[in-house]
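A.B. asks: What follows is a predicted structure for the sequence shown.
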There are 2 protein chains.
Amino acid sequence: MQAAPDALFKALADPTRRLIFEHLCRDGEHTVQMLTTRSTVSQPAISKHLGILKLAGLVRGRHQGRETRYSAQPQALAPLIDWMSHYGAFWHDRLDRLESLLNRMDQ
Amino acid sequence: MQAAPDALFKALADPTRRLIFEHLCRDGEHTVQMLTTRSTVSQPAISKHLGILKLAGLVRGRHQGRETRYSAQPQALAPLIDWMSHYGAFWHDRLDRLESLLNRMDQ
DNA sequence: ATTTTATATAGCTGTGTGGTTATGCATAAT
DNA sequence: ATTATGCATAACCACACAGCTATATAAAAT
């Protein structure tokens, strides 16, 4: 039983954390302030969530002066893909979607 | 924000539930008893976990006499695939693995 | 009919966790 | 130098939740 999927599933099980991660994935690097204003919860709550996401490897923070800029690390999702691929009869249904995705990426 | 990923991530965030699901995926239909003996936790705990997995659509139970046979529904993972595919630069790394999987499935 | 077996549910408990406010510690800004 | 800002941590609270034992219900078995 690998530890990686556990931390990832737990980190992504919270909707607030998923929102943060999705936001960082879509819109790139953000400071804690920026994330806080876009959210309904307090700044310390955001910081705590970022800490958990960071432990799971899903985000990265770089200090710049007095602010910390966080960015998403979507490659950290790879262990989840690996885990799911073990239970994989459903892959066929998603093949076409994947192919179009790859085509888009190859452009 | 879809509800499906939330229930799925939450259901899979628990290691005991993942073990049950993995077990059902690998070894097919099982009764509650069979799952209980293979686990370290009590029968009621197993039943509760199965209830949560069922709510998430990850397992299915069919009554047969006094026992209930549970089986995995791996297609229920599809919304997770969809969710992840939005954050998808990492797909390239997994392409070869996926191709071999598809080849195996086409045999 | 009685007893055993299979499962689910009820009720309890301890722990984990997401939220809050308060505060500390840097780094700008004035 | 002083004040303001950005972030993290501490301390606390409410609630969710995974585990347990006890029990109810239904189906087999005797």
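C.D. replies: Happy to help now that I have it.
A.B. asks: ranges for the strands of chain A?
C.D. replies: A:30-31, A:59-64, A:67-72 (DSSP state E).
A.B. asks: need those strands in TSV with mean neighbour count and distance to DNA strand C, can you?
C.D. replies: Quick note: C-beta positions are derived from backbone N, CA and C, even for glycine. Listed next are the strands of chain A as TSV, based on neighbours: other C-beta atoms under 10 Å in any protein chain shown; distance: least, C-beta to the nearest atom of the strand, whole Å:
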stretch	mean neighbour count	distance to DNA strand C
strand A:30-31	18	12
strand A:59-64	14	7
strand A:67-72	18	8
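A.B. asks: What parts of chain A come near DNA strand D?
C.D. replies: Within chain A, the positions adjacent to DNA strand D are A:31-33, A:36, A:43-44, A:47-48, A:50-51, A:61, A:66-69 by C-beta under 7 Å from any atom of the strand.
A.B. asks: So for the closest residue to residue A:4 other than its chain neighbours, what's the pLDDT?
C.D. replies: Nearest non-adjacent residue to residue A:4, counting by C-beta to C-beta, 6 or more residues apart in numbering or on different chains: residue A:79, 4.1 Å away. On the pLDDT scale, residue A:79 is placed at 87.
A.B. asks: same thing with the one 10 residues further on?
C.D. replies: According to the model's per-residue confidence, residue A:89 sits at a pLDDT of 49.
A.B. asks: Now do the same contact list for residue A:72.
C.D. replies: Residues in contact with residue A:72 (C-beta atoms under 8 Å, 6 or more residues apart in numbering or on different chains) are A:21, A:24, A:25, A:58, A:59, B:87.
A.B. asks: okay, these in TSV with distance to residue B:16 next?
C.D. replies: TSV is the format used below for these (distance: C-beta to C-beta, whole Å):
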residue	distance to residue B:16
A:21	25
A:24	31
A:25	30
A:58	23
A:59	27
B:87	28
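A.B. asks: and these, which are buried?
C.D. replies: A:21, A:24, A:25, A:58, A:59, B:87 (16 or more other C-beta atoms under 10 Å in any protein chain shown).
A.B. asks: ok, so what distance separates the last one from residue B:50?
C.D. replies: Plainly put, residue B:87 is 31 Å away from residue B:50 if you go by C-beta to C-beta, to the nearest Å.
A.B. asks: next one: the first one
C.D. replies: From residue A:21 over to residue B:50 the distance is 29 Å, taken as C-beta to C-beta.
A.B. asks: where does chain A have low pLDDT?
C.D. replies: A:1-2, A:88-107 (pLDDT under 70).
A.B. asks: Flag every residue of chain A that's near DNA strand C.
C.D. replies: Proximity of chain A to DNA strand C is confined to A:10, A:13-14, A:16, A:40-42, A:44-45, A:48-49, A:52, A:65-66 under the rule C-beta under 7 Å from any atom of the strand.
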